[in-house]
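*Asks:* Fold the following and give me the result.
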Amino acid sequence: MIEAKEITNPSRHIQEDTTRMLWAASAGICECRGCTNRLYTHHVTKENINLAERAHIYAFSKGGKRFSRLISRDKINDIDNLMLACGNCHNLIDSSNTDYSAEKLLSMKKEHEERIRLLTSIKPDLQSEVVIYGCNIGNRPIRIQDFHANESITPDYYPARIVPINLSPDLRLYDNEQEFWSIMAKDLERQLEAHEPSIRDKHISLFAVAPQPLLFKLGTLLNRNYNVSVRQTQGNTESWRWQKAEQSIELQLCELGQLDLCDKAAISIELTARLSDEEIQSTFEGHRIFRIIANDCSPFAIKSEADLSAVKEEYRNTLNKIRLECSADVQVSLLPLAPASVSIEAGRQLMKGDPVITVYDRNYLTKEWVPALSVHEMGDKYDR
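*Replies:* Numbering: from 1, shown residues only. Okay, the predicted model is just below:
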């Protein structure tokens, strides 16, 4: 313990390191309570100038206000005994006509510097949980590499962990096998349930390539209660960076079938390819059909987040139209010919009060469109 000594011959020299730390701790703002004077800019001319004065809390010498024999000589010029102040406040606290105790000034200093620490600690959380889901499409295996997913989110975000969360199934099943869809959907639910505590309140960067019904299912599980950025391949599973910033896709909504009150409706999202009228009418005989069609169908139709948002909005508007114009117990069939991100976002749009939605898939052996998964209200499932 250092013995307190009376200050008999103190030096007025304040170390440069101490001055720099004082500026940093105060953020260049006068530390006297209620004063917000910036000490690096003149309040009238706005010229950059050093207006700061280093005020001692305990006095520098015996004749000074707030002198105390209890502070040691080598501590008189430490940062703990200094405040950064404007000239007016320095004169005020040192005036013989005012009563500013050392305790009061220490309280002001602590209050100001804690506020600066708090305000400068507020920042956006740039960490993102990278989530991968890859599932065989027909007999074609899908692999999404950790590196390509992690690399594509920088510099907007940074991976929260070295190894991403991988929801991909470890099951050797194909979509022409019996119970494929129900088994895969249940596996996906269980995989996500295991990781849910880690991602609940985090930003999520989602990378997925899988059969359309499972992508829709994934979207209902990672619904709008989660902060999800759905990514889209840009040519192959090694390239996930958006090619554009602005919207490039153009859409049209076409309607086929009966216009009166009906209990069966179908939505086709035709972005990668366009169906013939005959094919879609034979698949959905007796349905009121709504076709969301890209003017320029291509596997690379989604080039930006704006493109994805445009399709998502058109789909949600179509679903609202069905709810308004069809019967209360209408059932909806969904046939997506679209990039993976679109089916995920379609699933994420499912909300309370929406009808049961059955997602169709094309069997890679028979080439026929068949109902695969039926989903309702953010992940609740119905057996078909």
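*Asks:* Show me where the stretch 1-150 of the chain dips below the pLDDT cut-off.
*Replies:* Where the stretch 1-150 of the chain drops to pLDDT under 70, the residues are 1-12.
*Asks:* Next up, phi/psi of Pro371, please.
*Replies:* Backbone torsions of Pro371, given as degrees, to the nearest 10, read phi -70, psi 130.
*Asks:* Grab the nearest non-local neighbour of it.
*Replies:* Residue nearest to Pro371 in three dimensions, not counting chain neighbours: Thr358, with 4.9 Å by C-beta to C-beta, 6 or more residues apart in numbering. To be clear about C-beta, it is placed using only N, CA and C from the backbone, and glycine gets the same treatment.
*Asks:* looking at this, the one you found is in a strand?
*Replies:* Yes. When DSSP: H, G, I helix; E, B strand; the rest coil is applied, Thr358 is found to be in a strand.
*Asks:* For stretch 29-47, give me every contacting residue.
*Replies:* 26, 28, 48-52, 83-86, 88-89, 92-93, 108-109, 111-113, 116 (C-beta atoms under 8 Å, 6 or more residues apart in numbering).
*Asks:* Show the pLDDT at the residue nearest to Pro371.
*Replies:* Note for Thr358: predicted pLDDT of 96.
*Asks:* Check Asn363 too.
*Replies:* As predicted, Asn363 sits at a pLDDT of 81.
*Asks:* What residues does it make contact with?
*Replies:* 175-176, 370.
*Asks:* Identify, from those residues, the entry nearest to Phe60.
*Replies:* Asp175 (82.9 Å; C-beta to C-beta).
*Asks:* Mind checking which of the contacts of Asn363 are in strands?
*Replies:* Within the contacts of Asn363, residues falling in strands by DSSP state E are Val370.
*Asks:* Quick one: buried ones out of the contacts of Asn363?
*Replies:* Buried by 16 or more other C-beta atoms under 10 Å: Asp175, out of the contacts of Asn363.
*Asks:* I'd like to know which of the contacts of Asn363 is nearest to Thr18.
*Replies:* Among those, Asp175 lies closest to Thr18 (C-beta to C-beta), at 70.5 Å.
*Asks:* And the closest one, how close does it get to Lys62?
*Replies:* 90 Å (C-beta to C-beta, to the nearest Å).
*Asks:* Tell me how many other residues surround Thr272.
*Replies:* Neighbour count for Thr272, taken as other C-beta atoms under 10 Å: 17.
*Asks:* Now, the contacts of stretch 29-47 that are in strands?
*Replies:* If you go by DSSP E, the contacts of stretch 29-47 have 83-85 in strands.
*Asks:* Would you confirm that Glu345 contacts Glu314?
*Replies:* No. At 11.0 Å, Glu345 does not count as touching Glu314 under the criterion of C-beta atoms under 8 Å.
*Asks:* Contact partners for Trp23?
*Replies:* Contacts of Trp23 by C-beta under 8 Å, 6+ apart are 52, 84.
*Asks:* ok but it is inside a helix, no?
*Replies:* Yes. Looking at Trp23 with three-state DSSP, it is inside a helix.
*Asks:* was I right about Leu171 contacting Asp187?
*Replies:* Yes. Applying C-beta under 8 Å, one finds Leu171 in contact with Asp187, separated by 6.3 Å.
*Asks:* How is this structure partitioned into domains?
*Replies:* The chain is divided into the following domains under automatic domain parsing: 16-121, 127-382.
*Asks:* re the thing from before, apply the buried test to the contacts of stretch 29-47 and list what passes.
*Replies:* Neighbour counting over those (16+ other C-beta under 10 Å) leaves 26, 28, 51-52, 83-86, 89, 92-93, 108-109, 112-113, 116 as the buried ones.
*Asks:* out of everything not next to it in sequence, what's closest to Ser333?
*Replies:* Nearest residue to Ser333, sequence neighbours excluded (C-beta to C-beta, 6+ apart): Ala266, at 4.3 Å.
*Asks:* neighbours around the one you found, how many?
*Replies:* 25.
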